[in-house]
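Novice: What shape does this take:
(one chain, ligands or ions: 1)
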Amino acid sequence: MNDHVAGLSLDALRQDLAAAFRLTARFGWHESVGNHFSVAVSDDGRHFLMNPKWRHFAAIRASDLLLLDADDPAVMEGPDAPDASAWTIHGALHRARPDVRVILHAHPPHATALSTLKSPDLPPIDMNTARFFGDLAIDPDCGGIADDAGEGARIAAALGQCSVLLMANHGVTCTGATVAQAFEQLYFFEKAAQTVLLALASGQPLAVMSDDVGALTAQGWKAYAGMADAHFAHLKSVLDREEPDYRD
Ligand SMILES: [Zn+2]
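Specialist: Predicted coordinates for the structure are as follows:
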């Protein structure tokens, strides 16, 4: 097993993922003690870190994270084994997209509200919505709670080569090469969904960018890729002051 992904040690990956849980709770994007994040730690994505079952995001520490094998059903017999749906879906996604190291699945309020619209699109109407132009997959058939392998493969196919999957009537799954990048996608997607919902609430027609301008804006974002690391480093510095036990 390769324990150095994106230049980070396994301990550093554990700390980054623990920070993502703490921050998600701080932003109000958690769902009781449910939902699940993972980080692949092997090149083929078959081994990954994931939160233990029903541990509140606000209390997760680096050492709490489980190291799971997507091919070993015995991991589901452990004392803190995750929900079957979590293990199945994240396992299928990591196998299908070994380039994607981090998968964050959550039900943040605005992204989830957007997922309930009959047309759950994210039209490019500002910088943040246009960030996802051409990089957002929509899964229109994501009803119910998934717990079988077929559902995991179906969701992996729906994501395709995009970085974000909006799951109809459900929530959102954001991915990235690092925890910082995936968290930044979650942050901006929730903001973009909020903007679309606020604009729609005005009752006025939206001024949607042309496809050309949307694509140009999405391309323009690539020059700002470093923002993810700077943002995540700042947010971790807040945790280091106020709840440093996430690193334990
Ligand atoms: Zn969910």
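
Novice: tell me which element the most centrally placed residue in the chain falls in.
Specialist: By Cα atoms, centre = their mean, the chain has its centre lying nearest to Leu104, at 2.4 Å. Using DSSP states H and E, the element containing Leu104 is strand 102-106.

Novice: tell me the average confidence for that strand?
Specialist: Throughout strand 102-106, pLDDT has a mean value of 97.

Novice: So what's the residue count around the closest residue to Ala180 other than its chain neighbours?
Specialist: Among residues not flanking Ala180 along the chain, Phe232 sits closest, at 3.6 Å (Cβ to Cβ, 6 or more residues apart in numbering). Glycine gets a C-beta too; all of them are placed from N, C-alpha and C. Residues lying near Phe232 (other Cβ atoms under 10 Å) number 22.

Novice: With Ala223 instead?
Specialist: Residues near Ala223, counting by other Cβ under 10 Å, number 8.

Novice: Go through the chain and flag its longest helix.
Specialist: Under DSSP state H, the helix in the chain containing the largest number of residues is helix 179-201.

Novice: Could you list the buried residues of that helix?
Specialist: Neighbour-count burial for helix 179-201, counted by 16 or more other Cβ atoms under 10 Å, picks out 179-196, 199.

Novice: Next secondary structure after that helix?
Specialist: Downstream of helix 179-201, the first helix or strand assigned by DSSP H and E is helix 211-221.

Novice: mean confidence for the longest helix of the chain?
Specialist: 98.

Novice: about what we covered before: tell me how far the residue nearest to Ala180 lies from Gln15.
Specialist: As defined by Cβ to Cβ, to the nearest Å, Phe232 lies at a distance of 11 Å from Gln15.

Novice: just to revisit the earlier point, got the angle between the longest helix of the chain and helix 211-221?
Specialist: Using axes from the mean of the first three to the mean of the last three Cα atoms, to 10 degrees, the direction of helix 179-201 lies 150 degrees away from that of helix 211-221.

Novice: Do a quick rundown of the strands in the protein.
Specialist: Here the chain has its strands, by DSSP state E, at 36-40, 47-50, 66-69, 102-106, 136-139, 164-167, 171-176.

Novice: per-stretch mean pLDDT over those, give me the minimum one.
Specialist: Lowest mean pLDDT within these: strand 66-69, at a mean of 92.

Novice: What strands line up against that one, and which way round?
Specialist: Strand 66-69 has the following strand partners under DSSP bridges: strand 47-50 (antiparallel).

Novice: Tell me which residues are up against the partner strand.
Specialist: 1, 13-14, 17, 36-42, 65-70, 82, 86-87, 90-91, 94 (Cβ atoms under 8 Å, 6 or more residues apart in numbering).

Novice: where does this protein have low pLDDT?
Specialist: The model of the chain has pLDDT under 70 over residues 1-6, 142-149.

Novice: could you redo the last one with a cut-off of 50?
Specialist: The model of the chain has pLDDT under 50 over residues 1-4.

Novice: I'd like the strands of the chain written out as a markdown table, with distance to Asn128 added.
Specialist: A markdown table is the format used below for these (distance: least, Cβ to Cβ, whole Å):
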| stretch | distance to Asn128 |
| --- | --- |
| strand 36-40 | 22 |
| strand 47-50 | 29 |
| strand 66-69 | 33 |
| strand 102-106 | 17 |
| strand 136-139 | 12 |
| strand 164-167 | 12 |
| strand 171-176 | 14 |
